[in-house]
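I'd like to go over a predicted model; first the sequence, then the structure.
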Amino acid sequence: MLARDLVGFADEIPDALYRDRVLAQGRELRLELPCNFEFEECEQILNDFANLIAPEVG
């Protein structure tokens, strides 16, 4: 299954995930990082996902 890209602040992402019908049918979530981002930007995305988003949707 493929869902649309989700872009937003860490506190907005869990609500968007819960509202998405495609994601509601899945058991896994794949996080992809933009290839043109700097290391620090990717690091922030990973940290935000691990610490702020995953606990809300896990």
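Noted; the coordinates are in hand.

lowest-pLDDT helix or strand in the chain?
helix 21-24 (a mean of 77; mean pLDDT, DSSP states H and E).

distance between that one and the chain's centre?
13 Å (C-alpha atoms, centre = their mean, to the nearest Å).

count of residues packed around Phe37?
12 (other C-beta atoms under 10 Å). Heads up, the C-betas are built off the backbone N, CA and C, glycines and all.

circling back: using PDB, write out the CA atom coordinates for the least confident helix or strand of the chain.
Taking C-alpha atoms only, helix 21-24 is exported to PDB below (Å, rounded to 0.1, in the frame of the first residue of the first chain):
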ATOM      1  CA  ARG A  21      -7.700   5.100   5.600                       C
ATOM      2  CA  VAL A  22      -4.800   3.400   3.700                       C
ATOM      3  CA  LEU A  23      -2.500   3.600   6.700                       C
ATOM      4  CA  ALA A  24      -5.200   2.300   9.000                       C
END
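
buried residues in it, which are they?
By neighbour count on 16 or more other C-beta atoms under 10 Å, the buried set for helix 21-24 is Leu23.

packing partners for the following helix or strand past it?
Going down the chain from helix 21-24, the next helix or strand is helix 39-48, by DSSP states H and E. Of the remaining helices and strands, none touches helix 39-48 by 3 or more C-beta pairs under 8 Å, 6 or more residues apart in numbering; DSSP states H and E.

contacts for helix 39-48, please.
Applying C-beta atoms under 8 Å, 6 or more residues apart in numbering, the external contacts of helix 39-48 come out as Ala10, Leu31, Leu33, Pro34, Phe37.

now do the contacts for the last one.
Read that as Phe37. Ile45.

can you do 10 Å?
Glu43, Gln44, Ile45 (C-beta atoms under 10 Å, 6 or more residues apart in numbering).

what of the second one?
With contact set as C-beta under 10 Å, 6+ apart, Leu31 has these partners: Leu6, Ile45, Leu46, Phe49, Ala50, Ile53, Ala54.
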